[in-house]
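Participant: Can you look at this prediction? I've put the sequence above it.
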Amino acid sequence: MKRDLSRRNALLAGAAGVAGLVMQGSRQSHGQTIEPAEPRLNSVEAKPDTANLQQSWIDAHSHIWTSDTSQYKLRDGVKVEDLAPRSFTDEELMAIAAPEGVDRVVLIQHYPYHGWDNSYLIDAWKRHPKRFRIVGMIDDQRTDAGQAMRSMLKQGVTGFRIGPKAGGDDFLSSTGMQQMWKTGAETRQSMCCLINPEDLAAVDQMCGRYPDTPVVIDHFARIGMKGDVNQKDLGALCKLAQHKHVRVKISAYYALGKKSPPHHELVPMIRSLYEAFGADRLMWASDCPYQLGDNNTYKDSIALIRDHIDFVTPTERQALLRTTAEKTFFFV
Ligand SMILES: [Zn+2]
């Protein structure tokens, strides 16, 4: 049961893990609070970069990491034994994604393991510059945040993960954060918000202050994590549609609603977002490898959008599975 609950709380990992580690020096991390199952690898090889990209889907959110800590140092206090699964390289990711028609992925920096060091993702991008884009992380306390964003744009980093730290709801107030939002408006690098429903009002205000900055809300702002979809929270998320550069990832089904396939109970929430934002501002994502636990699979995740929902046109389905993510992250 403990294991089960831990997995189901995987969605907490990003913010809670980051927050706990940054603000409280806690040893709680992805690897300890969450116990994703070993991914079910198979022998299918990922498609090469020369594959017909127009025939394939984009996963707008997955993590990767390596147990090669001689080359890629882990954050202070994190040991290789903490990595769960121990290894989830880009090859292991693509072995799961490619059979489902996914051949491009947006790689999301994983603070609990690698801190602010984005080099493992950047090296994956260097090996496969057509296949990957990166949502990196930088310390908003640094004074050169804008400059750092610009130089990382040349390394495939087209977005930055941001979110609240433990005990504080003012994660958007630092000077560095202002600089990041201002820079994003110029470079088109998205501010990718890993937030909870209670953070939506602050993000709404920030979008008003920086109306040209592209913003992506991760995982429905975690609405439905407690089971039921709170309609007031959903209304707050839909309200963000008034800012034309805000988009939403419809992702991480394993951690929302019934937290189990076929995830049909999430369809009404997806439909509400579709009506508020339109398919051109929504994108599917897996949150691999965290959905590879219990009875959840990568296939079940993409199948909800690819094979099940019936209220979109074929073009809109392509937007949810490819075009929105392409425009948002693959613009360079
Ligand atoms: Zn994630």
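Facilitator: Ah, there it is.
Participant: so what's residue 165 scoring on pLDDT?
Facilitator: You'll see residue 165 listed with a pLDDT of 77.
Participant: Report the separation between it and residue 139.
Facilitator: 11 Å (Cβ to Cβ, to the nearest Å). (C-beta placed from N, C-alpha, C; glycine too.)
Participant: Give me the more crowded residue out of these two.
Facilitator: residue 165 (16 against 12; other Cβ atoms under 10 Å).
Participant: distance of the nearest residue to residue 223 once chain neighbours are set aside from residue 185?
Facilitator: In space, and not counting its chain neighbours, residue 223 is closest to residue 233: 4.7 Å by Cβ to Cβ, 6 or more residues apart in numbering. Applying Cβ to Cβ, the value for residue 233 to residue 185 is 27 Å.
Participant: Between these two, tell me which one has more neighbours.
Facilitator: It is residue 233, of residue 233 and residue 185, that has more neighbours when counted by other Cβ under 10 Å, with 19 against 15.
Participant: so how many other residues sit close to residue 79?
Facilitator: 9.
Participant: Next, give phi and psi for it.
Facilitator: phi -110, psi 160 (degrees, to the nearest 10).
Participant: pLDDT wise, what is it at?
Facilitator: Looking at residue 79, the pLDDT reads 94.
Participant: Poorly predicted segments of this structure, please.
Facilitator: In the predicted model, the chain carries pLDDT under 70 at residues 1-55, 166-169.
Participant: ok, which stretches of it are helices?
Facilitator: Per DSSP state H, the chain carries helices over the ranges 2-8, 18-24, 30-33, 90-97, 111-114, 119-127, 145-153, 175-187, 200-209, 231-239, 267-277, 298-303, 314-318, 324-329.
Participant: Name the residues that touch the last one?
Facilitator: Pointing back at helix 324-329 there. By Cβ atoms under 8 Å, 6 or more residues apart in numbering, the surrounding residues in contact with helix 324-329 are 58, 60, 104, 106, 133, 135, 158-159, 190, 214, 216, 247, 279-285.
Participant: In stretch 243-250, which residues are buried?
Facilitator: 243, 245, 246, 247, 248, 249, 250 (16 or more other Cβ atoms under 10 Å).
Participant: residues contacting the first one?
Facilitator: By Cβ under 8 Å, 6+ apart, residue 243 lies in contact with 204, 207, 208, 211, 215.
Participant: What is the burial count for residue 303?
Facilitator: With other Cβ under 10 Å as criterion, residue 303 counts 15.
Participant: Could you report the distance from the nearest residue to it once chain neighbours are set aside to residue 307?
Facilitator: Nearest non-adjacent residue to residue 303, counting by Cβ to Cβ, 6+ apart: residue 262, 7.2 Å away. Using Cβ to Cβ, we find residue 262 at a distance of 10 Å from residue 307.
Participant: hmm, back to that, quick one: which of the contacts of residue 243 is nearest residue 73?
Facilitator: residue 215 (30.9 Å; Cβ to Cβ).
Participant: quick one: the closest one from residue 229, how far?
Facilitator: Counting by Cβ to Cβ, the gap from residue 215 to residue 229 is 21 Å.
Participant: More neighbours: those two, which one.
Facilitator: A count of neighbours by other Cβ under 10 Å puts residue 215 above the other of residue 215 and residue 229, at 23 against 18.
Participant: Pretty sure residue 189 is one of the things the more buried one touches, is it not?
Facilitator: No. Contact between residue 215 and residue 189 fails when scored by Cβ atoms under 8 Å: they sit 10.8 Å apart.
Participant: what do these two both touch?
Facilitator: Counting by Cβ under 8 Å, 6+ apart, residue 215 and residue 189 have no shared contacts at all.
Participant: Give me the number of neighbouring residues for residue 238.
Facilitator: Neighbour count of residue 238, defined by other Cβ under 10 Å: 18.
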